[in-house]
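Trainee: no sequence for this one, just the structure:
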């Protein structure tokens, strides 16, 4: 009963979207519902899905908060991981280094926002360029080949457990559950919703508004680094330009998931459903041999349609009351 | 025949009566002062007169013809203009652009013709003794005083015949005020009708031809210049409060006890300077003052939201310096803020979240989990204790009546064991019944030993709940004493700065 920012009608709408998309593709070719295709969708969705989970916290904190640097954090963390692996150090150390680096980068974003009082859209725009820049400096612009890494590391992105992709079952699912718990069942989550709803009232009620918002950037940073680790293991390479679409796509997913871009509403549950919608639509377009250049446009159309549908529902509800 | 005449104007907001049948006539060539406390209905009257809102009933006549304003532009076209205390300007546009905003003189291709515009404003600038060099400067480079003059010039440019000044001097220096008064006199001599709103008594004899006192949404008298003394005006302004006896059972013993909480010589310019409050436990200390007198800012400073530049805050004799509301709450201070929507309400969140927002840490169980059962129980307990009418604790607070919303926010603070509780305008804009309920809760809090501070610009409220009263004006404490001794008139006189302010504390 903790979900004070959850809009059930929105979740329902997303499930309908998901059904329509899957059903529509199935009419063209029933094979899309085969297990192999569904797991492929899931594998592609995991990385941006993790970015979107972190983004949800930042946006929920309000004050127009967004993190434009999540993709860049993923890239730089991935590169650091790559450098550790190249030196033949234990891969666990590399993963730890990547996650710590993500936390530090998120903390830098959070402090610049909360202490220096720079709008987060500007802070993270700047750090996006900075982190990608550092990633290029560290690699000299060349991808680091990780295909010779220990198999136990590559399994993070390529292995499977009881028939399901490793990263879906053992990374995305636990991370989602932890995020949902944090957002919906803890004092931090409650404080975050109240902060996003009315930050002045929250501050006057004794809620540590700055600390909470700062923490959302740290969470987003750690999760972005995790996404970077997963993609490095999946592709067997560490790229200084990884996850470039993730910066904005993660925001689109969160908004599609029902979050109010001004904060205080929305949840990681909505973001997960929205990630699935995007994943299905995207995969289906490629699977049915639509020109990939349409994909970005389709995501835009979905975003606008969902917002319009939502407004229509609300308008009707208001007319009735 | 009056140039503008209002008769029987009424206006309600929700269940609250703002205006109860106001009659007002202003002649051409006259300065008519509208005098009243905060909440007397002055602003509502002006918003009606400028077409911003429509009255519930009553008529407005201009040159004898009844008019219904469709919108502010319509009122403007009929010759009404208003100059507010904080001028509404486009800061980054030049003075000339500001004057013509929306009504630029354009050439055939839609190009703006600056020279023609400058030529058009020239006579009005001369009339106001304004330098034409100003025209090219950005509005933001002008002082507030000059910005007001530019807006007066704009009103003249638009052929305003009725010019309303809404507390124009509250942020002007003495020299700027003198200049403004000279200009108002000139406008009046030019045959315009001036409506001048103020709560500063001292200004009345300087500019008024007539003065109308507005009390609690109704006219309590209209007088010619010289017909009425300052003391009589104070008596009229205190009007509704005079009928109210000060608190029936004051607790002088408690109120005279050593203060449990005090601010001593606290300053935070420009809001307030050298303010001392001594707040005893087990009693209600009323802080009376008009909006802008610095009373809320003192509270915000004590609550860790505003950083004072000097002075000290003491709780139980120890100096405290809370750096955030969070810290102040931990020390035992509570503060119900004055603006419900802006500073208090989580509008689209359930009542339960609103009631418990300041005590979440008490409901944390391992592992970091909030005890939702406990929160719901707490919400139910508070709802029944404070008689908050809502279907259940999960009802979104925005859907409740204003009175129940306010009771919810009041209960957020009143239901916790605070040592010191500062209630800022605890009953603003709610119905009489709920008001009485909250007043009873406030007395109970004091009886249970809490040091209660009630900040209010509602004099009957201050008299109804306070054991002791502190009056503030323009960032300073100007009077302090027992409500019976000060009396309603004495409190108002001190708050508005009438000549014979009683007993200023040493």
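Mentor: Great, that's in hand. Everything numeric here is computed off the predicted structure, so don't read it as measured data. Numbers count the residues shown, from 1 in each chain, chains lettered A, B, ... in the order given.
Trainee: how's chain B carved up into domains?
Mentor: Recorded structural domains for chain B (assignment: automatic domain parsing) are B:4-243, B:244-332+B:418-506, B:346-417.
Trainee: as JSON lines, these with mean pLDDT would be great.
Mentor: Listed next are those as JSON lines, based on pLDDT from 0 to 100:
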{"stretch": "domain B:4-243", "mean pLDDT": "87"}
{"stretch": "domain B:244-332+B:418-506", "mean pLDDT": "88"}
{"stretch": "domain B:346-417", "mean pLDDT": "93"}
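Trainee: which one, of the ones you listed, ends up nearest to residue A:144?
Mentor: domain B:346-417 (37.7 Å; C-beta to C-beta). Where C-beta positions appear, they are placed from N, C-alpha and C, glycine not excepted.
Trainee: just name the most buried of the domains of chain B.
Mentor: Mean neighbours per residue, mean count of other C-beta atoms under 10 Å in any protein chain shown, is largest over the domains of chain B for domain B:244-332+B:418-506, with a mean of 20.
Trainee: now the strands for the stretch 251-400 of chain B?
Mentor: Remark: strands assigned in the stretch 251-400 of chain B by DSSP state E, counting those that start in this stretch are B:259-268, B:272-280, B:284-289, B:310-315, B:318-320, B:333-336, B:364-365, B:369-370.
Trainee: what does the stretch 401-506 of chain B give?
Mentor: Under DSSP E, counting those that start in this stretch, the stretch 401-506 of chain B gives strands at B:420-424, B:451-456, B:468-473, B:476-481.
Trainee: want to throw the ones you listed into JSON lines with distance to chain A?
Mentor: As requested, the strands of the stretch 401-506 of chain B are arranged in JSON lines below (distance: least, C-beta to the nearest C-beta, whole Å):
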{"stretch": "strand B:420-424", "distance to chain A": "10"}
{"stretch": "strand B:451-456", "distance to chain A": "14"}
{"stretch": "strand B:468-473", "distance to chain A": "21"}
{"stretch": "strand B:476-481", "distance to chain A": "24"}
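Trainee: TSV please, covering those and showing distance to residue B:435.
Mentor: Formatted as TSV, the strands of the stretch 401-506 of chain B follow (distance: least, C-beta to C-beta, whole Å):
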stretch	distance to residue B:435
strand B:420-424	13
strand B:451-456	11
strand B:468-473	19
strand B:476-481	25
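Trainee: which residues are in contact with stretch B:68-83?
Mentor: Identification of contacts with stretch B:68-83 by C-beta atoms under 8 Å, 6 or more residues apart in numbering or on different chains yields B:4, B:46, B:49-52, B:54, B:60, B:62, B:67, B:148, B:151-152, B:154-155, B:158-166, B:168.
Trainee: before we move on, back to that, could you dump the strands of the stretch 251-400 of chain B to a markdown table with distance to chain A?
Mentor: A markdown table is the format used below for those (distance: least, C-beta to the nearest C-beta, whole Å):
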| stretch | distance to chain A |
| --- | --- |
| strand B:259-268 | 17 |
| strand B:272-280 | 19 |
| strand B:284-289 | 18 |
| strand B:310-315 | 16 |
| strand B:318-320 | 15 |
| strand B:333-336 | 7 |
| strand B:364-365 | 5 |
| strand B:369-370 | 5 |
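Trainee: buried ones in the host helix or strand of residue A:39, by neighbour count?
Mentor: Secondary structure assignment for residue A:39, by DSSP states H and E: helix A:35-60. Within helix A:35-60, the residues that count as buried by 16 or more other C-beta atoms under 10 Å in any protein chain shown are A:37-38, A:40-60.
Trainee: helices or strands up against it?
Mentor: helix A:70-86, strand A:164-165, helix A:173-185, helix A:187-197, helix A:209-235, helix A:246-256, helix A:268-287 (3 or more C-beta pairs under 8 Å, 6 or more residues apart in numbering or on different chains; DSSP states H and E).
Trainee: give me whichever of those is most buried.
Mentor: helix A:70-86 (a mean of 29).
Trainee: minimum distance to chain A, which residue of the stretch 101-250 of chain B gives it?
Mentor: residue B:140 (21.4 Å; C-beta to the nearest C-beta).
Trainee: so which residues of the stretch 1-150 of chain B form helices?
Mentor: B:42-49, B:72-77, B:95-99, B:114-127, B:144-157 (DSSP state H, counting those that start in this stretch).
Trainee: make TSV out of those helices and add distance to residue B:346.
Mentor: Below are the helices of the stretch 1-150 of chain B laid out as TSV (distance: least, C-beta to C-beta, whole Å):
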stretch	distance to residue B:346
helix B:42-49	27
helix B:72-77	33
helix B:95-99	38
helix B:114-127	48
helix B:144-157	35
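Trainee: and the nearest residue to residue B:402 once chain neighbours are set aside, what is it in contact with?
Mentor: Nearest residue to residue B:402 in three dimensions, chain neighbours excluded: residue B:430, at 5.4 Å (C-beta to C-beta, 6 or more residues apart in numbering or on different chains). Contacts for residue B:430 (C-beta under 8 Å, 6+ apart) come out as B:16, B:402, B:403, B:406, B:438.
Trainee: the second one contacts residue B:14, doesn't it?
Mentor: When you say that, I think you mean residue B:402. Yes. At 5.9 Å, residue B:402 counts as touching residue B:14 under the criterion of C-beta atoms under 8 Å.
Trainee: common neighbours of the two, please.
Mentor: Joint contacts of residue B:402 and residue B:14 (C-beta under 8 Å, 6+ apart) are residue B:429.
Trainee: contact residues of the stretch 301-450 of chain B facing chain A?
Mentor: B:303, B:305, B:324-326, B:328-330, B:335, B:337, B:342-350, B:353, B:357-358, B:360-361, B:363-364, B:368-370, B:372, B:376, B:394, B:412 (C-beta under 8 Å from any C-beta of the partner chain).
Trainee: how about the contacts made by the residue positioned nearest the centre of chain B?
Mentor: By C-alpha atoms, centre = their mean, chain B has its centre lying nearest to residue B:291, at 3.9 Å. For residue B:291, the contact set (C-beta under 8 Å, 6+ apart) comprises B:38, B:457.
Trainee: and the gap between it and residue B:362?
Mentor: 35 Å (C-beta to C-beta, to the nearest Å).
Trainee: what do you get for residue A:279?
Mentor: Distance from residue A:279 to residue B:362, by C-beta to C-beta: 42 Å.
Trainee: one more: residue B:30?
Mentor: For residue B:30 relative to residue B:362 (C-beta to C-beta), the value is 62 Å.
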